[in-house]
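In: One predicted model, sequence on top.
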Amino acid sequence: MTTWPALALMIAAQTGDPAALFVDPQPVAIEGYGDDAMEPFISRDGRYLFFNSRPDAPNTELHYAEAVDGRWRHRGFVQGVNTPALDAVASLDRAQTFYFISTRSYEQSLSTVYRGRFDAGVVSGIELVPGISLLTPGQVNFDIDISSDGDWLYFVDSLMTPSGPVTADLSVARRRGSGFQRAEQSAALLAAINTADLEYAPAVTSDGLTLLYTRAIRVPLDVGIYAAFRKRRDLPFSAGVRLSALTGFVEAASFTPDENSIYFHKLDGDRFVIYRARRP
């Protein structure tokens, strides 16, 4: 089977454009839902699409849709996870452990990464994920992606102020017992990706060799989705290549189960809409 780094080299050789990994972005219809939709994630079996409302809404909440006859049908809120705080950024491993971001206890715990057991639209046994937070006031983890096997958690370290993030860099932790431990080589693995700009919204392929992320350049504002590659899991990722077909204000890519397409959100006018782009 062709690996993602090999695929990138093939496309570069054929088109001269290594950024053409995903093309033809099209809006995704969610039957029964017409509000903002952000941070898409598709369950490993392809049955559910998770997303959240916009983060500047009075109450940011997690929703889900179900695949019905080739279409997405809104099923309402993800039960058990939403609070009056911000609840967003779903991710799910093959064992049905549901990870998400919530600010519900930040003032007490200085932590935002939670998990629980997902079953048919309901999450139970919700708990903080140990080993992720730096436990430093002002430092916030605001994006996550769990590997399909549940062994690696990619996340964002950010210095946050009332006006928004001052810094945002990707980090990675490895499962240790019931929790996670930041990988000793995390900074080295992601050194070519993290910059003085904001890097966030990680999404990794099942083989751990391709990483998608969002980069925001602040002055002038320029937001895009990038891809980075490596040949083995113990090697650092390459510098990111911007996906040139994904234009406009685009963020938060996520792979479909077969990894032949990605979902992401885009600002269309004054509303965020989920889009899908396919592999050439």
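Out: Sure thing, it's come through.
In: so where is this protein shaky, pLDDT-wise?
Out: Within the chain, the ranges that satisfy pLDDT under 70 run 1-18.
In: need the helices for the stretch 51-200 of the chain, in chain order.
Out: Under the criterion DSSP state H, counting those that start in this stretch, the stretch 51-200 of the chain contains helices at 106-109, 186-189.
In: possible to save these as JSON lines with mean neighbour count and distance to Tyr275?
Out: Using the backbone N, CA and C atoms, a C-beta is placed for each residue, glycine as well. Below are the helices of the stretch 51-200 of the chain laid out as JSON lines (neighbours: other C-beta atoms under 10 Å; distance: least, C-beta to C-beta, whole Å):
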{"stretch": "helix 106-109", "mean neighbour count": "11", "distance to Tyr275": "31"}
{"stretch": "helix 186-189", "mean neighbour count": "16", "distance to Tyr275": "29"}
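In: could these go into TSV alongside distance to Ala277?
Out: Converted to TSV, the helices of the stretch 51-200 of the chain look like this (distance: least, C-beta to C-beta, whole Å):
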stretch	distance to Ala277
helix 106-109	34
helix 186-189	26
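In: so how far is Val273 from Arg71?
Out: 16 Å (C-beta to C-beta, to the nearest Å).
In: ok, back up a step: just so I know, which of the helices of the stretch 51-200 of the chain lies nearest Gly177?
Out: helix 186-189 (18.5 Å; C-beta to C-beta).
In: report the longest strand in the chain, please.
Out: In the chain, with assignment by DSSP state E, the single longest strand is strand 164-176.
In: List the pairing partners of it within its sheet, with orientation.
Out: strand 152-161 (antiparallel), strand 179-182 (antiparallel) (DSSP bridges).
In: rewinding a little: Arg71 and Val273: who's more crowded?
Out: Counted by other C-beta atoms under 10 Å, Arg71 and Val273 do not tie: Val273 has more neighbours, with 17 against 12.
In: Which residue comes closest to that one once chain neighbours are left out?
Out: Nearest residue to Val273 in three dimensions, chain neighbours excluded: Pro27, at 5.3 Å (C-beta to C-beta, 6 or more residues apart in numbering).
In: Please apply the same query to Arg115.
Out: In space, Arg115 is closest to Tyr99, 4.8 Å off (C-beta to C-beta, 6+ apart).
In: now Val129
Out: Looking at Val129 with C-beta to C-beta, 6+ apart, the closest residue is Val113, at 4.4 Å.
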